[in-house]
Each structure stands twice: as C-alpha cells, then as structure tokens.
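Q: sequence and predicted structure are below.
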Amino acid sequence: MKSLGLKIDLHVHTCYSSDAVTTLKEVITYCRRRGLDGVAITDHDTLAGVHRLQSNDLIVIPGIEISTLHGHLLALNVTTPIPPKLSINETIRKIHEAGGIAVAPHPTLFYKSAPSRQTSSYDAMEVINSAAVPFQLFTYLNKKLATYLNLPQTAGSDSHYAPEIGAAYTVVAADPDVNEVVGAIEKGATIPMGKSIPWRVRLEGEALSLKRRI
Ligand SMILES: [Zn+2]
Ligand SMILES: [Zn+2]
C-alpha cells in the first residue's frame with residue numbers, strides 16, 4: 001500500500017564535500033530530529049560519504065552534485081561515480097546509463113552555478129532550495145520555470161551544516177524504497193515543501209566551516 005507521503009530532503013552535503021561540515025552521524029541524528037523519512041546525500045563530485053552511511057530506518061538515496069561544464073547537476077540513485085566537467089547533455093546521458101535520474105538544482109540561482117537551460121532532458125527540477133537568498137523570489141522563479149518546462153518539482157535544504165537538514169524536503173507518494181521513491185519523483189508524484197535556512201543557523205554554519213579551514 002502506498003503511504004500518504006514520505007518526507008525526504010533531496011539535497012544534503014556531508015563533510016565529504018570540501019565546503020561542508022556535517023558528519024555522517026549528524027545526518028542520521030538530524031533527519032530523525034526533523035521527522036524525515038529519508039535523505040539524498042549529494043556531495044560535490046563524490047560518493048565517498050554516502051557509501052559509508054548506514055541507517056536501518058532511513059531511506060538513503062545515493063546521489064552526487066556534479067560540477068558539469070554548464071553548472072551543477074544532481075544525480076539521484078547512482079552508485080557509480082559520474083565524472084565532472086562534461087557537457088550537461090553528456091552528464092545526463094551518463095546518469096541515465098548508471099540507472100539514476102538528473103535533477104536540476106537551484107535552476108535560476110545565477111550566483112550558485114545554476115545548470116544550463118540549454119537542454120530539456122532533466123527528469124525533475126529543484127524548485128525549493130533552502131540556501132537561496134532571497135528565498136521567496138528564487139522559489140517563485142524556479143516554480144515558474146519548472147511549470148513552463150513541465151517538469152516534476154523537488155525540494156532540498158542544500159544543507160552544508162547539520163542543523164540546516166530538513167529546512168526543505170520533498171513529499172513523495174511512494175513506498176519506502178529507493179527505487180520506488182526515485183520512480184515516483186520521475187512521475188511527478190511530489191510536493192515540494194520548505195523554508196529558508198534561518199540567518200542564525202546560516203551564520204553558525206559559516207563560522208564553523210571557517211574554523212575548520214584555518
Ligand atoms: Zn549547487
Ligand atoms: Zn548543493
């Protein structure tokens with residue numbers, strides 16, 4: 001039987017991304033604390049973190065945020081690495097070959113390496129990204145673009161610091177299984193939910209990241 005909806009943060013970085021401070025243990029702790037059913041780990045150009053993450057009760061979607069020649073691109077449900085610095089179309093092809101789906105993250109965020117709009121081959125578009133500033137404006141523009149392109153809509157926190165996890169999440173109408181969830185996203189059985197990361201949390205995260213770097 002289908003559940004009413006699983007709450008999954010589809011864009012989370014861990015300390016395996018050079019710009020993030022979240023440990024794998026904190027990912028589990030904060031997902032539980034925020035009442036999430038699952039999480040997609042999407043470190044920059046590496047699967048090293050998600051390969052080490054183990055949880056008995058969370059749905060863990062293996063993912064990568066790939067630095068393509070034409071902006072960032074999220075690959076969900078991939079367990080083999082996808083090389084960076086390829087064209088957007090070549091990257092999407094490789095994601096599909098690896099059995100994953102390609103989600104365009106922060107599509108209108110010009111200052112965050114938005115993915116190219118020169119392709120119509122995305123499987124879904126992230127319309128809520130909690131790190132976006134100003135949040136309301138970019139959420140509005142992202143939703144307008146996804147609606148225009150007729151793409152399924154997702155949400156994720158783009159968390160780089162554990163307390164940011166779950167600031168946004170996607171409600172997915174699926175059974176609690178990675179393949180079922182990804183299939184439901186592809187079909188558009190999603191509701192994007194969420195808010196902006198509060199400034200206090202943002203500043204704490206920045207301060208911690210700076211401290212770790214020096
Ligand atoms: Zn990004
Ligand atoms: Zn990101």
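A: Looks like it arrived, so ask away. Ligands and ions are numbered 1, 2, ... in the order given.
Q: mind saving the C-alpha coords of stretch 110-122 as CSV?
A: Presented in CSV, the C-alpha positions along stretch 110-122 are these (Å, rounded to 0.1, in the frame of the first residue of the first chain):
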residue,chain,number,x,y,z
PHE,A,110,22.8,32.8,-11.0
TYR,A,111,25.3,33.1,-8.1
LYS,A,112,25.3,29.3,-7.3
SER,A,113,26.4,27.7,-10.6
ALA,A,114,22.9,27.1,-11.9
PRO,A,115,22.6,24.4,-14.5
SER,A,116,22.2,25.3,-18.2
ARG,A,117,18.8,25.8,-19.6
GLN,A,118,20.0,24.7,-23.0
THR,A,119,18.6,21.2,-22.5
SER,A,120,15.1,19.8,-22.0
SER,A,121,16.3,16.4,-20.7
TYR,A,122,16.1,16.9,-17.0
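Q: in it, which residues are buried?
A: By neighbour count with 16 or more other C-beta atoms under 10 Å, stretch 110-122 contains the buried residues Lys112, Ala114, Pro115, Thr119, Tyr122. The way it works is simple: take the backbone N, C-alpha and C, and place the C-beta from them, glycine included.
Q: how about it and ligand 2, touching?
A: No - judged by C-beta under 5 Å from the ion, stretch 110-122 stays clear of ligand 2, getting no closer than 8.0 Å.
Q: chain center to that stretch: distance?
A: Offset of stretch 110-122 from its chain centre (C-alpha atoms, centre = their mean, to the nearest Å): 15 Å.
Q: no further queries at this time; thank you.
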